[in-house]
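In: sequence first, predicted coordinates after that:
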Amino acid sequence: MTDTSNHLGAGSNGEISNALTVLLADMFTLYVKTKNFHWHVSGPHFRDYHLLLDEQAAQIFGTTDTIAERVRKLGGTTIRSIGHISRLQRITDNDIDKVAPADMLAELLHDNRLIVGEMRHAHALCDGQDDVSSASLLENWIDEAEGRAWFLDETARHHGSDG
C-alpha cells in the first residue's frame with residue numbers, strides 16, 4: 001500500500017482496494033466466460049444471443065480499467081496476471097465443450113447476480129469509509145450489472161430452452 005493523497009486512511013484504502021481487486025478478478029472472469037459463450041453459442045436464436053453476449057462482454061470489459069485505476073488511486077496494487085486472477089476469482093470458469101444456449105444464459109444470469117452482490121458489499125465498505133468516489137463508480141456498475149441480468153433473464157424467459 002502506497003501513501004495516497006486522498007482523505008482515507010491507509011486501513012480504509014487497503015480494505016476497499018482489496019475488495020475492488022477481487023471484483024476486478026471476477027469481472028475479467030465474467031468477461032472471458034461471456035466471450036466464450038458468445039463464440040460458442042448456436043441454435044435458432046444464434047444471432048440474438050451472439051449479439052447480446054458481445055454487447056455484454058464489451059460492457060464488462062469497459063469497467064476493468066476504471067476498477068484497476070481506482071485501486072491505484074487508493075494506493076493499492078491490483079491484478080498482475082491470469083494466475084493472479086485465478087487465485088482471486090469467485091466466479092467459476094466454464095470449460096465444457098458444448099453448453100446449451102439456455103444454460104449459457106442461466107449461468108451468466110447467476111454470475112451477474114453474484115457480481116451485483118460483490119459490488120453492493122464493496123459499496124457498503126466505501127460508504128463506511130466515506131469513499132464517495134469509489135461508491136459513485138460502484139453505483140453505475142451495479143446498475144449495469146443489474147441491466148445485464150435483466151436482459152439475460154428476459155431473453156431466457158422468452159426464448160426458452162432451444163438447444
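Out: Perfect, thanks for sending it. Numbering: from 1, shown residues only.
In: from here on, just use CA atoms for contacts and neighbour counts.
Out: Noted.
In: and the helices in the chain?
Out: 10-40, 46-73, 82-88, 101-128, 132-159 (DSSP state H).
In: looking at these, which is closest to Asn94?
Out: Closest to Asn94 of the helices of the chain is helix 10-40 (C-alpha to C-alpha; 6.8 Å).
In: give me the most central residue, this structure.
Out: Met27 (3.1 Å; C-alpha atoms, centre = their mean).
In: about what we covered before: what's the most buried one of the helices of the chain?
Out: helix 10-40 (a mean of 21; mean count of other C-alpha atoms under 10 Å).
In: how big is the angle separating that one from helix 132-159?
Out: 30 degrees (axes from the mean of the first three to the mean of the last three C-alpha atoms, to 10 degrees).
In: and helix 10-40, what other elements does it pack with?
Out: On a contact count with 3 or more C-alpha pairs under 8 Å, 6 or more residues apart in numbering; DSSP states H and E, helix 10-40 meets helix 46-73, helix 82-88, helix 101-128.
In: which one of these lies closest to His38?
Out: Using C-alpha to C-alpha, the helices and strands packed on helix 10-40 put helix 46-73 closest to His38, at 5.1 Å.
In: what packs against the closest one?
Out: Applying 3+ C-alpha pairs under 8 Å, 6+ apart, we find helix 46-73 packed against helix 10-40, helix 132-159.
In: got JSON lines for the helices and strands packed on helix 10-40, with distance to Asn94 and mean pLDDT too?
Out: Shown next, in JSON lines, are the helices and strands packed on helix 10-40 (distance: least, C-alpha to C-alpha, whole Å; pLDDT from 0 to 100):
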{"stretch": "helix 46-73", "distance to Asn94": "15", "mean pLDDT": "97"}
{"stretch": "helix 82-88", "distance to Asn94": "13", "mean pLDDT": "98"}
{"stretch": "helix 101-128", "distance to Asn94": "9", "mean pLDDT": "98"}
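In: would you turn those helices into CSV with distance to Ala145?
Out: Below are these laid out as CSV (distance: least, C-alpha to C-alpha, whole Å):
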stretch, distance to Ala145
helix 46-73, 8
helix 82-88, 20
helix 101-128, 6
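In: among the ones you listed, which is nearest Glu144?
Out: helix 46-73 (8.0 Å).
In: ok, back up a step: show me the contacts for the residue nearest to the centre of the chain.
Out: Neighbour list for Met27: 60-61, 64, 115 [criterion: C-alpha atoms under 8 Å, 6 or more residues apart in numbering].
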